[in-house]
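Novice: Here is a sequence with its predicted model. Questions after.
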There are 2 protein chains.
Amino acid sequence: MERITKIMSSFVAALDSDEIFRLYESVPKGKGLRAKLILKIAKTSPKALNLAAIVEMIHAASLLHDDVIDDASMRRGKESFNAKFGDKTAIMMGDILYSVAFSKLAELPNSVAMCISNAVALLSSGELIDVKLSEFFNTDKNRYMDMIYHKTASLIEASAKGAAILEGFEGEDFALYGKNLGLAFQIIDDVLDITSDEKTLGKPALHDFKEGKVTLPYLYLYEKCSDKEREWLKLLYKKELSAQNILLLKEKMSEYGAIEHSIKKAKELGYEALRAIEKYEIEGLREIITQMIERDF
Amino acid sequence: MERITKIMSSFVAALDSDEIFRLYESVPKGKGLRAKLILKIAKTSPKALNLAAIVEMIHAASLLHDDVIDDASMRRGKESFNAKFGDKTAIMMGDILYSVAFSKLAELPNSVAMCISNAVALLSSGELIDVKLSEFFNTDKNRYMDMIYHKTASLIEASAKGAAILEGFEGEDFALYGKNLGLAFQIIDDVLDITSDEKTLGKPALHDFKEGKVTLPYLYLYEKCSDKEREWLKLLYKKELSAQNILLLKEKMSEYGAIEHSIKKAKELGYEALRAIEKYEIEGLREIITQMIERDF
């Protein structure tokens, strides 16, 4: 990951602006899931390293804009970039990272550039779909799955596919692996928002529901609970939750197996991901799935 | 231009989201300078038409973000997109248009994709350079020229070069034509901010100086005027101008030939643009220069 971080810095340094480079140093770096995935599949050829840096740069750009759109003041336990430098600088910095990433992407084979850039179109539409879906109490699991496909899974799908193309593997097999990994990843993220604490998450716990996001555990709970409990859930929607209500909500989640059910769904997707690539013997792709499901942040 | 507008709509329609398509219909369409330029050079092959639509889409995306960053409430005489739908929707819509444009760009030859995407990296850095340059009274003409190269000329340069590559011409000749056309275009824009009226501009006149932008006519005026007048100019900088001060400013501009000098500079750049491509016999490239210099909006 250190090599990838260096390549990313060199991309930004090539713009030849001290101002931009200084700002870039404050852009939060991700966990590097996408880069790790690419390097597991495509090894460490120069093209693979560049692809990993490009995808991490796209991911960083999307987080900069997401935090502006969500008015987020925290990112992974630290003050967010927009909170520190203002929304406008965050928008400009996001645009710069996107465009630098695309200009490097154009140097890779067209098939790889097409698969990554298509994913970014899905990802950016996903942000709008997410915002629209947060305007009302959505109870449709298909709309939730479609949204997390756009917003999270599409770029992971394209990362795996792009890396496979570079390595001469069948792109579609790895696309399926990446898509299911991405869906599972987002479901686990949504579970952790409920089960983890503020310190571990680096942001307030049970934040999603207050923000209008009816994630999978809430969808399962809503599906299983009584009419009276449904009314109660709707009353809590988009509100600041009292400690008592948080406790009650967690009890109800436990009573109806909502968390358990969500983790089960993520695991099923993880198995499906592994089935898609079982004919290839690539070390580490199973571990990525396992680690992702068992993580606590 | 109607054909280009249709292609742009088809790109957005392919995202298969009614919500996004409806919003897209409210995105202001530009004057189409870049598309016209591309079609003059590369005729109307499918690739040329796609390139024209891609570049106009990139331009539209950059204007959406610019208006958020500049807090603009008007765009070409109408309420701006961000004023109508909010900053967040404007950010998301800009991201969607950028990414759709890049995904279509990846279908064109690598050399074309590289030249356009490099320009977008310059363009987005240019926005940040512009904002930083508006924080103080800049008196350095080189910094002004560098900023307008990034912010305006780079994409016009890449449009001309990309079209030339598609048509099998020498890319660098057309890059030089496009670069000088772009610089001249921005200088005329900056002159019109002073000489034109609010109705013709579709935004308040003498807006740039209030926004912190020391454009070429102000730079010439500052260079030529007395120390006392320089102090007066600095007093007016970033302020709402009274009718009396507007009159006085225009008088001083006239006294020191600042507008005249700026138009002369734009014309010189226009001639340089034409010299770069004089060995090619392409109808309409001279007219683009003439029309651009003689326009009043």
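Specialist: Looks like it came in fine.

Novice: can you list the domains in chain A?
Specialist: A:1-108, A:109-297 (automatic domain parsing).

Novice: Include mean pLDDT, mean neighbour count and distance to B:Asp193 when you put those domains into JSON lines, please.
Specialist: (Glycine included, C-beta is placed from N, CA and C.) Conversion of the domains of chain A to JSON lines gives the following (pLDDT from 0 to 100; neighbours: other C-beta atoms under 10 Å in any protein chain shown; distance: least, C-beta to C-beta, whole Å):
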{"stretch": "domain A:1-108", "mean pLDDT": "95", "mean neighbour count": "20", "distance to B:Asp193": "21"}
{"stretch": "domain A:109-297", "mean pLDDT": "94", "mean neighbour count": "19", "distance to B:Asp193": "32"}
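
Novice: Now render these as a markdown table, adding distance to B:Ala48.
Specialist: A markdown table is the format used below for those (distance: least, C-beta to C-beta, whole Å):
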| stretch | distance to B:Ala48 |
| --- | --- |
| domain A:1-108 | 18 |
| domain A:109-297 | 18 |
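
Novice: I'd like to know which of these lies nearest to B:Leu285.
Specialist: Taking C-beta to C-beta as the criterion, domain A:1-108 is the member of these that comes nearest to B:Leu285, at 26.3 Å.

Novice: Pull up the distance across the closest one, start to finish.
Specialist: Taking C-alpha to C-alpha, to the nearest Å, domain A:1-108 runs 20 Å from one end to the other.

Novice: Is chain B within reach of that domain?
Specialist: Yes: using C-beta under 8 Å from any C-beta of the partner chain as the criterion, contacts between domain A:1-108 and chain B involve A:15, A:17, A:19-20, A:23, A:65, A:68-69, A:87-89, A:91-96, A:98-100, A:102-103, A:105-107.

Novice: how far does the helix or strand hosting A:Glu287 sit from the chain's center?
Specialist: Of the helices and strands defined by DSSP states H and E, A:Glu287 is found in helix A:285-294. For helix A:285-294, the separation from the chain centroid amounts to 15 Å (computed by C-alpha atoms, centre = their mean, to the nearest Å).

Novice: Kindly format the C-alpha coordinates of it as PDB.
Specialist: In PDB, the C-alpha atoms belonging to helix A:285-294 read as follows (Å, rounded to 0.1, in the frame of the first residue of the first chain):
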ATOM      1  CA  LEU A 285      -8.900 -13.700  -2.600                       C
ATOM      2  CA  ARG A 286     -10.600 -15.900   0.000                       C
ATOM      3  CA  GLU A 287      -8.800 -14.000   2.900                       C
ATOM      4  CA  ILE A 288     -10.100 -10.600   1.500                       C
ATOM      5  CA  ILE A 289     -13.700 -11.900   1.800                       C
ATOM      6  CA  THR A 290     -13.100 -13.400   5.300                       C
ATOM      7  CA  GLN A 291     -11.400 -10.300   6.700                       C
ATOM      8  CA  MET A 292     -14.000  -8.100   5.300                       C
ATOM      9  CA  ILE A 293     -16.800 -10.000   6.900                       C
ATOM     10  CA  GLU A 294     -15.100 -10.400  10.200                       C
END
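
Novice: Am I right that A:Phe102 is in a strand?
Specialist: No: under the criterion used here (DSSP: H, G, I helix; E, B strand; the rest coil), A:Phe102 is helix, not part of a strand.

Novice: how about the strands in chain A?
Specialist: A:74-75, A:78-79 (DSSP state E).

Novice: among the ones you listed, which is nearest A:Ile156?
Specialist: Distances from A:Ile156 to each of the strands of chain A were compared by C-beta to C-beta, and the smallest falls on strand A:74-75, at 19.3 Å.

Novice: starting at the chain centroid, how far to the closest one?
Specialist: Between the centre of strand A:74-75 and the centre of its chain there are 14 Å (C-alpha atoms, centre = their mean).

Novice: contacting residues around the most centrally placed residue in chain A?
Specialist: Nearest to the mean C-alpha position of chain A, counting by C-alpha atoms, centre = their mean, stands A:Thr152 at 4.2 Å. The contact partners of A:Thr152, taken as C-beta atoms under 8 Å, 6 or more residues apart in numbering or on different chains, are A:Gly126, A:Gly182, A:Leu183, A:Phe185, A:Gln186, A:Asp189.

Novice: Check A:Arg286 too.
Specialist: For A:Arg286, the contact set (C-beta under 8 Å, 6+ apart) comprises A:Leu274.

Novice: do the one 3 residues further on as well
Specialist: When contacts are counted by C-beta under 8 Å, 6+ apart, A:Ile289 touches A:Leu181, A:Ala184, A:Gly270, A:Ala273, A:Leu274.

Novice: try it again with 10 Å
Specialist: Contact partners of A:Ile289, counting by C-beta atoms under 10 Å, 6 or more residues apart in numbering or on different chains, are A:Tyr177, A:Asn180, A:Leu181, A:Ala184, A:Phe185, A:Ala266, A:Lys267, A:Leu269, A:Gly270, A:Tyr271, A:Ala273, A:Leu274.
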